[in-house]
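A.B. asks: I'd like to go over a predicted model; first the sequence, then the structure.
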Amino acid sequence: MAQVADKINVPIATGERLNNLQEFAMLIKRNAVSYVRPDVCMCGGITGAKKIAALAEAHDLMVVPHNPLSPVSKAAFLQIAVSIPNFALLEYPGDDQPALSEKFGATGVENGVLKRDVVKSTFKCVDGFMEIPTAPGIGIELADNVAEKYPYRRRPLKTRLDVDGSVVDQ
């Protein structure tokens, strides 16, 4: 990635599949990225994401969080966004999408469930901006009985790999 970054004039944003501070440190040390993209659900939660943001700040890099998963992860990253000086923008896929798909291990129970169905209220994006939630915690409340209705079950992660072993997004 560093070789590509060195040869093009387009900023590279990556990191959504990295899991820890050390992986981001390696990426940054190699000058392979212009924007870091931690995913709060994969990089150690709020604490892990803030550590990655601090590392990026020390190298004059901005943070563009990876945010395709849920209103819960979105709420966490909105709180992080207002607490770091190097926040750039937030990916916003919308809450009217399925909570899970077969690609990510959905079973019959989750089919038809939308992201907005798991929380009492979602966030509105108006003119490119979102209001920061002020409710306790990270600012959201789960829908009634959502934990009982959709209990945690370990699911296989279905990731497509290329011939060289690299991840191929769908």
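C.D. replies: Sure, I can see it.

A.B. asks: ok now the top helix by length along the chain, how far from the chain's centre?
C.D. replies: Taking DSSP state H as the assignment, the helix of the chain that covers the most residues is helix 45-58. The gap between the average C-alpha position of helix 45-58 and the chain average comes to 13 Å, counting by C-alpha atoms, centre = their mean, to the nearest Å.

A.B. asks: Any buried residues in it, and which?
C.D. replies: Within helix 45-58, the residues that qualify as buried are 48-53, 55-57, counting by 16 or more other C-beta atoms under 10 Å. All C-beta spots, glycine's among them, are computed from the backbone N, C-alpha and C.

A.B. asks: again, but for stretch 80-92
C.D. replies: For stretch 80-92, the neighbour count (16+ other C-beta under 10 Å) marks 80-81, 84, 86-88, 90 as buried.

A.B. asks: Compute the number of surrounding residues for the residue lying closest to L18 once chain neighbours are set aside.
C.D. replies: Distances taken as C-beta to C-beta, 6 or more residues apart in numbering put F24 closest to L18, at 5.7 Å, once the chain neighbours are dropped. With neighbours defined by other C-beta atoms under 10 Å, the count for F24 comes to 25.

A.B. asks: Same question for the one 10 residues further on.
C.D. replies: Per other C-beta under 10 Å, the neighbour tally for S34 reads 15.

A.B. asks: Three-state assignment for the residue nearest to it when sequence neighbours are not counted, please.
C.D. replies: What sits nearest to S34 in space, not counting adjacent residues and going by C-beta to C-beta, 6+ apart, is P11, at 3.5 Å. Of the three states, P11 takes coil according to DSSP: H, G, I helix; E, B strand; the rest coil.

A.B. asks: Start from the N-terminal end of this structure and give the helices.
C.D. replies: Using DSSP H, the helices assigned to the chain run over residues 2-7, 21-29, 45-58, 71-81, 146-149.

A.B. asks: From the rest of the structure, what touches the fourth one?
C.D. replies: Going back to what we said before, that points to helix 71-81. Counting by C-beta atoms under 8 Å, 6 or more residues apart in numbering, the neighbours of helix 71-81 from elsewhere in the structure are 39-41, 45-46, 49-50, 53, 65, 67, 87, 90, 92, 95, 115-116, 118-119, 122-123, 130, 132-133, 138-140, 142.

A.B. asks: How far off centre is stretch 54-74?
C.D. replies: A distance of 7 Å separates the C-alpha centroid of stretch 54-74 from that of its chain, computed with C-alpha atoms, centre = their mean.

A.B. asks: buried residues in that stretch?
C.D. replies: Of the residues in stretch 54-74, those buried by neighbour count under the rule 16+ other C-beta under 10 Å are 55-57, 61-67, 69-74.

A.B. asks: and which of those residues is nearest to E16?
C.D. replies: The nearest member of the buried residues of stretch 54-74 to E16, counting by C-beta to C-beta, is H66 at 3.4 Å.

A.B. asks: Cool, thanks, signing off.
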